[in-house]
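Participant: Structure, please.
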Amino acid sequence: MNRGEHSARNTAQSSYLQVQPTRPMPGILDDVLNGLMHPPRSLPPKYFYDEHGSWLFDRICETKEYYPTRTEDALLSQYSSEIIRQTLPVQIVELGSGTSRKTRRLLDACETHAHTCSYAPFDVCGEMVHQVAIELRHKYHWLKMEPLVGDYHAGLGNLPVASGITMFVFLGGTIGNFTPDEARDFFDEIRDCMHPGDYLLLGADRVKDERVLNAAYNDVDGLTAGFNLNVLNVLNREVDANFNAGNFSHLALFNRELNRIEMYLVSAIDQIISFRKLGSSISLSKGERILTEISRKFTYRELETMITGSGMEIIRHYEPVNNYFSLILSQLRKAQ
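Facilitator: Numbers count the residues shown, from 1 in each chain. All right, here's what the predicted structure looks like:
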């Protein structure tokens, strides 16, 4: 690794590098002040993922309605060998790596082709990347692990990148959680981390029948509803609020005009919510909504424009026969 500020954190069996932010990020108190104090009310989706929220999301991914995870995994299962043969990366850097479940398809393909590389999972949770490093070292004895901890929303300018071909990986359709301006800036930041010849592997959800989309975010088991409502427990714990989850309902719907799922918490009654750490409160009317997540769905042309607009060239586009999801391999071309 030859670029980026970092500090080492050691644990009993592993270590990770703390990637320093390039810009300040608001904390939960700031987000409550900026997003909840006045209508239209909103909260960033990052607060979904406490321990219970992360467990719920893993269960959501296994429901029959939630197609993105299994569709993307099937594409990776089918095409990882071709992707590794095309890229032969010295390093794989995964942004928002989580448990690295699907990335193991790429590592299996490396093993099949007797290709060795390093893997740098980048996530906000140090404990998670530490555990992933232990598991992957045990499974792939040849793999050099370089775990990274930080928030990619805080900038990628200090991300350490190896010499030689790097493949950046951004899976799960997470690009849909960005507004158009945020997505454009994010792609520009990734490009600025890349050397000519480096690759980006992107997973993105596609526009489709809205009945399929609405079902994916309103599963019959109520897991997504529980996942959404759990953020109220996070607020109670972190800002000493007095939300009662029983006084709210989950709402997820497809906004046709903006081609995105919008997820809300809806107040079931007129109520006053106190935030004791802030010394303030808000009044919510019955039916008033709090926006907790957007999940944009793309046409292929939109994805193409977004990627090529950042200076990359699409090398391969993989999709299932129903066109539900896209896995796109692009490259920052070498200067001629």
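Participant: now the helices: where do they sit in the stretch 51-200 of the chain?
Facilitator: 51-60, 67-87, 104-112, 126-139, 180-193 (DSSP state H, counting those that start in this stretch).
Participant: Just want the angle from the longest one to helix 51-60.
Facilitator: Right, helix 67-87. 80 degrees (axes from the mean of the first three to the mean of the last three Cα atoms, to 10 degrees).
Participant: looking only at pLDDT, what's the mean for stretch 117-125?
Facilitator: Regarding stretch 117-125, the rounded mean pLDDT is 94.
Participant: May I see the buried residues of that stretch?
Facilitator: For stretch 117-125, a neighbour-count test (16 or more other Cβ atoms under 10 Å) marks 117, 118, 119, 120, 121, 122, 123, 124 as buried. Just so you know, the C-beta spots here come from the backbone N, C-alpha and C atoms, and that holds for glycine as well.
Participant: now stretch 32-51
Facilitator: So stretch 32-51, judged by 16+ other Cβ under 10 Å, has buried residues 32, 33, 35, 36, 41, 42, 43, 44, 45, 47, 48, 49.
Participant: Output the below-cut-off pLDDT ranges for this protein.
Facilitator: The chain contains residues with pLDDT under 70 at 1-14, 335-336.
Participant: Farthest-apart pair in the buried residues of stretch 32-51, please.
Facilitator: For the buried residues of stretch 32-51, with distances taken as Cβ to Cβ, the pair at the greatest spread is 33 and 49 (21.0 Å).
Participant: May I have the distance across stretch 112-129, first residue to last?
Facilitator: Start-to-end span of stretch 112-129 (Cα to Cα, to the nearest Å) is 24 Å.
Participant: distance between that stretch and the chain's centre?
Facilitator: 16 Å (Cα atoms, centre = their mean, to the nearest Å).
Participant: So what's the residue count around the closest residue to residue 320 other than its chain neighbours?
Facilitator: Excluding its sequence neighbours, the residue lying closest to residue 320 (Cβ to Cβ, 6 or more residues apart in numbering) is residue 71, at 5.9 Å. By the criterion of other Cβ atoms under 10 Å, residue 71 has 21 neighbours.
Participant: Quickly note the distance from residue 71 to residue 100.
Facilitator: 18 Å (Cβ to Cβ, to the nearest Å).
Participant: Check residue 311 too.
Facilitator: Taking Cβ to Cβ, one finds residue 311 at 28 Å from residue 100.
Participant: Can you report phi and psi for residue 160?
Facilitator: Here is the backbone geometry of residue 160 (degrees, to the nearest 10): phi -70, psi 130.
Participant: Same question for residue 36.
Facilitator: phi -110, psi -20.
Participant: For it, give its distance to residue 260.
Facilitator: Distance of residue 36 to residue 260, computed by Cβ to Cβ: 21 Å.
Participant: now, which of the buried residues of stretch 117-125 lie within strands?
Facilitator: 118, 119, 120, 121, 122, 123 (DSSP state E).
Participant: if I pick the third one, what's in contact with it?
Facilitator: Think residue 120. For residue 120, the residues meeting the contact criterion (Cβ atoms under 8 Å, 6 or more residues apart in numbering) are 91, 92, 93, 94, 145, 146, 147, 148, 160.
Participant: Looking at those, spot the one nearest residue 67.
Facilitator: Among the contacts of residue 120, and counting by Cβ to Cβ, the member closest to residue 67 is residue 94, at 21.7 Å.
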